[in-house]
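# model the structure of this input:
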Amino acid sequence: MCPKACGFRKECFCRDSTEELQTRRCGDAASYSPKEKRDWCNEKKQPTFFRSCPVVCGVPYCLEEGRPDSTDTLFFFLEGVPTSCSLISAGRAQYKMWACLSMELVRQVQGNVLCPNAREGVTL
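As a prediction, this is how the structure comes out:
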């Protein structure tokens, strides 16, 4: 989140925090009702949560076509298979489908939410 740590690469602005924020985590918002999600992802009401969870909150910039995928390490399944959105995007359709339908262990969000570019060309 901090330019000093990540630089000004586009992917740096579309990272969900893995820390607890106001007794919630970014991944919690993925399972909220539309009304709850609107409340928690409202920049004026919950600025810290909104800015810390841009992917789950659906910040338009993070959903732009052509935006670089994150290279942050993601872990799927109990074995903790390490991968990243950029690796998923470069993978075959079967790998993309597996990752998009799987729950990421640290963030507790499905892959298709974390990696919107990776789901292109895959029917979920």
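
# which residues are in contact with the longest helix along the chain?
Assignment by DSSP state H gives helix 93-101 as the longest helix of the chain. For helix 93-101, the external contacting residues (C-beta atoms under 8 Å, 6 or more residues apart in numbering) are 76, 83, 88-89, 91, 110-112, 115, 118-119, 121-124. Heads up, the C-betas are built off the backbone N, CA and C, glycines and all.

# what do you get if the cut-off is 6 Å, keeping everything else the same?
The contact list for helix 93-101 (C-beta atoms under 6 Å, 6 or more residues apart in numbering) reads 88, 111-112, 118-119, 122, 124.

# return the set of buried residues in that helix.
Buried residues in helix 93-101, defined by neighbour count with 16 or more other C-beta atoms under 10 Å: 95-100.

# immediately after it, which helix or strand?
Next along the chain after helix 93-101, taking DSSP states H and E as the criterion, comes helix 111-114.

# packing partners for that next one?
helix 93-101 (3 or more C-beta pairs under 6 Å, 6 or more residues apart in numbering; DSSP states H and E).

# where does this structure dip in pLDDT?
Residue ranges of the chain with pLDDT under 70: 1-12, 65-68, 78-79, 124.

# could I get the full set of strands for it?
Secondary structure of the chain (DSSP state E): strands at 74-76, 81-83.

# redo those strands as CSV? Include mean neighbour count.
Below are the strands of the chain laid out as CSV (neighbours: other C-beta atoms under 10 Å):
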stretch, mean neighbour count
strand 74-76, 20
strand 81-83, 14
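
# any chance of TSV for those, columns distance to residue 51?
Shown next, in TSV, are the strands of the chain (distance: least, C-beta to C-beta, whole Å):
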stretch	distance to residue 51
strand 74-76	21
strand 81-83	26
